[in-house]
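Asker: A predicted structure for the sequence below; I have some questions about it.
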Amino acid sequence: QVQLVESGGGLVQAGGSLRLSCAASGRTFSSYAMGWFRQAPGKEREFVAAITWSGGMPTYASYADSVRGRFTISRDNAKNTVYLQMNSLKPEDTAVYYCAVRPGYGTMVATAYDYWGQGTQVTVSS
């Protein structure tokens, strides 16, 4: 079993920044991918970013077109924590953000992830 706990959400003005954290516990993650997704009211859950690594070292990160260049995903292996640094936030970034984990490589497909956190609310005011 894997437990994921997100934190760092909040209210920020457009153009501001937030850093989300996702602390993982349970199974080890040396060959897992971790991803961030978000869901706005009335919309489907959508992919934000994922980071994949093997051999304990990050291999590559992938991003949704809507956040590329503004968001950065990273991980602290020692802390079993993945981060999502969000800069230049826009009102359309408002959503509940979820982290998720799966074995193997990262993917944009939400159903491919096995474990999910409870989510953290991000609200960007105009």
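Answerer: Arrived safely, thanks for sending.
Asker: which residues touch the helix or strand bottoming out on mean pLDDT in the chain?
Answerer: When the helices and strands of the chain are scored by mean pLDDT, DSSP states H and E, strand 57-63 comes last with a mean of 81. Outside of strand 57-63, the residues within contact range by C-beta atoms under 8 Å, 6 or more residues apart in numbering are 48-53, 71-75, 106, 108. Where C-beta positions appear, they are placed from N, C-alpha and C, glycine not excepted.
Asker: Confidence-wise, which of those comes last?
Answerer: Lowest pLDDT among these: Trp53, with 76.
Asker: Which stretches in this protein count as strands?
Answerer: 2-7, 10-13, 18-26, 32-39, 46-54, 57-63, 71-76, 81-86, 95-103, 115-116, 120-125 (DSSP state E).
Asker: Next, format these as JSON lines and append mean neighbour count.
Answerer: As requested, the strands of the chain are arranged in JSON lines below (neighbours: other C-beta atoms under 10 Å):
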{"stretch": "strand 2-7", "mean neighbour count": "17"}
{"stretch": "strand 10-13", "mean neighbour count": "13"}
{"stretch": "strand 18-26", "mean neighbour count": "18"}
{"stretch": "strand 32-39", "mean neighbour count": "24"}
{"stretch": "strand 46-54", "mean neighbour count": "21"}
{"stretch": "strand 57-63", "mean neighbour count": "14"}
{"stretch": "strand 71-76", "mean neighbour count": "18"}
{"stretch": "strand 81-86", "mean neighbour count": "22"}
{"stretch": "strand 95-103", "mean neighbour count": "22"}
{"stretch": "strand 115-116", "mean neighbour count": "17"}
{"stretch": "strand 120-125", "mean neighbour count": "17"}
